[in-house]
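Trainee: Sharing a model prediction with you, sequence too.
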Amino acid sequence: MLNQWCLYWPPGMPDGYGGASFSAPQVVKCRWEDKQRMFRTATGEIELSRSFVYLDQEVDENGWMAQAYELTSSNSNWQLLTAEEDVQSVADSFTNSDGSGISPQTYKWAFPIRAVSRSVNVNATMFYRKVWV
């Protein structure tokens, strides 16, 4: 089921100027669906998501997620990266030399996590997270 890779930035720490400083992004297994779905926020409001992501690990609602894209050799089209090592190279490009991360807000494919739920599959053999971005 989880046959893709994506980037996850844990929630950033306040930087004292109204923004946040982020740690380096993590490469995580996922199943990313670009489908709008209705969901309920922590405050009970019903909203419409941009995408829906399945994960097998914990993530925080204040984090960010992204699919990894790169420009094609002709620099005219964006291509989705599917190999773990290619996604890791994108993650590395968002990591400073001191190990801190570059804000996901600078990446056009990154979106804030708006809601998370935890479930188990039908056979009770796998726990997974549903994430709305």
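Mentor: Everything's here; your move. Because the structure is a prediction, the values reported are computed rather than measured.

Trainee: and stretch 121-130, average pLDDT?
Mentor: The average pLDDT for stretch 121-130 rounds to 84.

Trainee: how about low-confidence regions in the protein?
Mentor: Along the chain, segments meeting pLDDT under 70 span 73-75.

Trainee: mind listing the strands for it?
Mentor: For the chain, the strands defined by DSSP state E cover 4-9, 13-14, 20-21, 26-33, 38-40, 46-48, 52-55, 64-66, 69-71, 78-80, 110-112, 115-120, 127-132.

Trainee: As CSV, those with mean neighbour count would be great.
Mentor: Every C-beta, even on glycine, is put in place using the N, C-alpha and C of the backbone. Formatted as CSV, those follow (neighbours: other CB atoms under 10 Å):
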stretch, mean neighbour count
strand 4-9, 24
strand 13-14, 10
strand 20-21, 15
strand 26-33, 18
strand 38-40, 13
strand 46-48, 10
strand 52-55, 20
strand 64-66, 24
strand 69-71, 13
strand 78-80, 13
strand 110-112, 18
strand 115-120, 12
strand 127-132, 19
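
Trainee: Pick out the residue nearest the middle of the chain.
Mentor: Most central in the chain under CA atoms, centre = their mean is residue 65, positioned 1.5 Å from the mean C-alpha point.

Trainee: Does that residue touch residue 109 like I think?
Mentor: No: checked against CB atoms under 8 Å, the pair residue 65 and residue 109 is beyond contact range at 9.4 Å.

Trainee: Can you tell me the closest non-neighbouring residue to residue 114?
Mentor: Nearest residue to residue 114 in three dimensions, chain neighbours excluded: residue 132, at 5.0 Å (CB to CB, 6 or more residues apart in numbering).

Trainee: I figured the one you found hits residue 112, correct?
Mentor: No: assessed by CB under 8 Å, residue 132 is found out of contact with residue 112, at 10.1 Å.

Trainee: shared neighbours of those two, anything?
Mentor: Counting by CB atoms under 8 Å, 6 or more residues apart in numbering, residue 132 and residue 112 have no common neighbour.
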